[in-house]
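[1] sharing a model that was predicted from the sequence below.
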Amino acid sequence: MKFTLAQEHIDHFIKNGTVEFDNLFSEKECSLLLSSAEDIMQKRLNPTPRNPIEEFSNENLYLHGKNLWKDGLEIKKLCTKKQVGQIAHLLFRKKPIKLAYDQYLKTGNLQDCPFKENNTLQEISSIRPLLGALIIALKPIEGAIEDTAIPKKMGNAVFISGAKILPLSTLFNEKNISLFIIALTAGKALYCLEPKDLHTHDFKKEGLVFGDAAGEDFCPTIYHM
């Protein structure tokens, strides 16, 4: 069934660069996504009782939290959910809509920020074009974050333009946040050097070089109708 959006949602997005949808993901979906993300992070980081994952630096958590969809079938299903692609198509006016990457944004207790300044998604992405992203709250945010780019209620999700600045310093200053970012691209996705992207050399390990097209193995299509 084709998904439709109210014109007010589209107008709000065009004007502000963000639009929030209440309960876009069910509690069951959020719990499954959170559990799957945590399981993958445990395997990637191998914490111990003396060195629990909550005491890892935020930079370390961020570096190990990208493209969880490659290690988890349930995460891939949610990242490539057709409804996500349909809404993205209506907001960004592009097709086909593709997954650029996912990023589990988890913070621990150390409150360090991996980034020197607040950036846009475009500025911290090595995939071009970077349309924007969907940011999902996997659990409630109790802190003092007041930014239209960040959903605070579990299951709520914000579509954000790639040109909108993210409050990175504020986010990483909060403890025990669990957000899931589904970054989106369209058409022919290219892998490019981006010094501000902490993951900029990741695809090299999988055989790509800067300037290569990132095919379906790297950026799968979500919506193409």
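    Structure received.
[2] I'd like the average pLDDT over the lengthiest helix in the chain.
    The longest helix of the chain (DSSP state H) is helix 27-45. Average pLDDT, helix 27-45: 96.
[3] could you report the neighbour count for Ser26?
    Using other Cβ atoms under 10 Å, Ser26 has 11 neighbouring residues. (C-beta placed from N, C-alpha, C; glycine too.)
[4] start at 402 instead
    Taking 402 as the first residue, the last one we looked at is Ser427.
[5] residue contacts, it?
    Gly556 (Cβ atoms under 8 Å, 6 or more residues apart in numbering).
[6] for it, give its distance to Glu524.
    Using Cβ to Cβ, to the nearest Å, Ser427 is found at 32 Å from Glu524.
[7] run through who's touching the longest helix of the chain.
    426, 454, 457, 461-462, 465-466, 469, 472-473, 475-476, 479, 505, 507, 537-540, 555-556, 579, 581.
[8] distance between that helix and the chain's centre?
    Put simply, helix 428-446 sits 14 Å off its chain's centre (Cα atoms, centre = their mean, to the nearest Å).
[9] output it as CSV, restricted to C-alpha atoms.
    Taking Å, rounded to 0.1, in the frame of the first residue of the first chain, the C-alpha atoms of helix 428-446 are listed here in CSV:
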residue,chain,number,x,y,z
GLU,A,428,7.7,-0.5,21.0
LYS,A,429,8.3,-4.0,19.7
GLU,A,430,10.3,-2.8,16.8
CYS,A,431,12.4,-0.4,19.0
SER,A,432,13.0,-3.2,21.6
LEU,A,433,14.1,-5.6,18.8
LEU,A,434,16.3,-3.0,17.2
LEU,A,435,17.9,-2.0,20.5
SER,A,436,18.5,-5.6,21.5
SER,A,437,20.0,-6.5,18.1
ALA,A,438,22.2,-3.4,18.2
GLU,A,439,23.5,-4.1,21.7
ASP,A,440,24.2,-7.7,20.8
ILE,A,441,26.3,-6.6,17.8
MET,A,442,28.1,-4.0,19.8
GLN,A,443,29.0,-6.6,22.5
LYS,A,444,30.5,-8.8,19.8
ARG,A,445,32.4,-6.0,18.2
LEU,A,446,33.8,-4.5,21.4
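[10] next helix or strand past it?
    Next along the chain after helix 428-446, taking DSSP states H and E as the criterion, comes helix 459-464.
[11] pLDDT score assigned to Leu522?
    Leu522 is assigned 96 on the pLDDT scale.
[12] these two touch, right, Lys507 and Lys576?
    No. Contact criterion Cβ atoms under 8 Å: Lys507 and Lys576 do not qualify, at 10.5 Å.
[13] of these two, which one has the most company?
    Neighbour count, other Cβ under 10 Å: between Lys507 and Lys576, Lys507 has more, with 23 against 14.
[14] please report how far the residue of the chain most remote from its centre lies from Pro552.
    Relative to the centre of the chain, and counting by Cα atoms, centre = their mean, the farthest-placed residue is Arg451 at 29.9 Å. Computed as Cβ to Cβ, the Arg451 to Pro552 distance reads 34 Å.
[15] okay then, goodbye and thanks.
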